[in-house]
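Engineer: Here is a sequence together with a model predicted from it:
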Amino acid sequence: MNDGSSIDSTRSLAAGDWEARLSAELMSLQALADEVDGEPEALLLLLRRLEELHRSIQDGPFRASLPADRGALFNLLQGMEKSGGWPYIPRLQLRTFMDLLQNGDSGSALAA
């Protein structure tokens, strides 16, 4: 009989391993960038593809994983602000968004 504990431990192991996998992938991309150093067209292509990946993750799995609960969303945003903000969102804007959430003006902040 499976009580789910083996699934939980597998997920935990996978979650602990993802950062090492990410580091390896990033090192591979850095090596690729180093290979084409001095070739602006190739570097521009790399940057464009990275931007496409960023948008795909942001608009897909990241957005889908955001907490629906206002308090949990605020805690996530607060943690993001403390750790350097959201990519492409300066810390000041993130702080303003958090202040709006805290003051109960989330309708106008989320519509923007």
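Structural biologist: Yes, it's here.

Engineer: just the helices in the protein please.
Structural biologist: Applying DSSP state H to the chain gives helices spanning 5-35, 40-57, 63-65, 70-82, 91-102, 106-111.

Engineer: Could you export these as TSV, including mean pLDDT?
Structural biologist: Shown next, in TSV, are the helices of the chain (pLDDT from 0 to 100):
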stretch	mean pLDDT
helix 5-35	79
helix 40-57	93
helix 63-65	89
helix 70-82	87
helix 91-102	73
helix 106-111	46
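
Engineer: I'd like those as a markdown table, with mean neighbour count appended.
Structural biologist: Yep, even glycine has a C-beta here, placed from its N, CA and C like the rest. Formatted as a markdown table, the helices of the chain follow (neighbours: other CB atoms under 10 Å):
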| stretch | mean neighbour count |
| --- | --- |
| helix 5-35 | 10 |
| helix 40-57 | 12 |
| helix 63-65 | 8 |
| helix 70-82 | 14 |
| helix 91-102 | 15 |
| helix 106-111 | 10 |
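
Engineer: quick check: domain ranges of this protein?
Structural biologist: With domains defined by automatic domain parsing, the chain comprises 1-65, 68-112.

Engineer: Contact partners for Leu26?
Structural biologist: Contacts of Leu26 were listed using CB atoms under 8 Å, 6 or more residues apart in numbering, and none were found.

Engineer: For Glu41, see how far away it is.
Structural biologist: Here Leu26 is placed at a distance of 22 Å from Glu41 (CB to CB, to the nearest Å).

Engineer: cool, Leu76 as well?
Structural biologist: Noted for Leu76: a distance of 38 Å to Glu41, by CB to CB.

Engineer: ditto for Ser28
Structural biologist: Distance check for Ser28 against Glu41: by CB to CB, it reads 20 Å.

Engineer: what's the answer for Asn103, then?
Structural biologist: Here the distance between Asn103 and Glu41 works out to 48 Å (CB to CB).

Engineer: With Pro67 instead?
Structural biologist: Using CB to CB, one gets 41 Å for the distance from Pro67 to Glu41.

Engineer: now swap in Ser56 and tell me
Structural biologist: Ser56 sits 23 Å away from Glu41, going by CB to CB.
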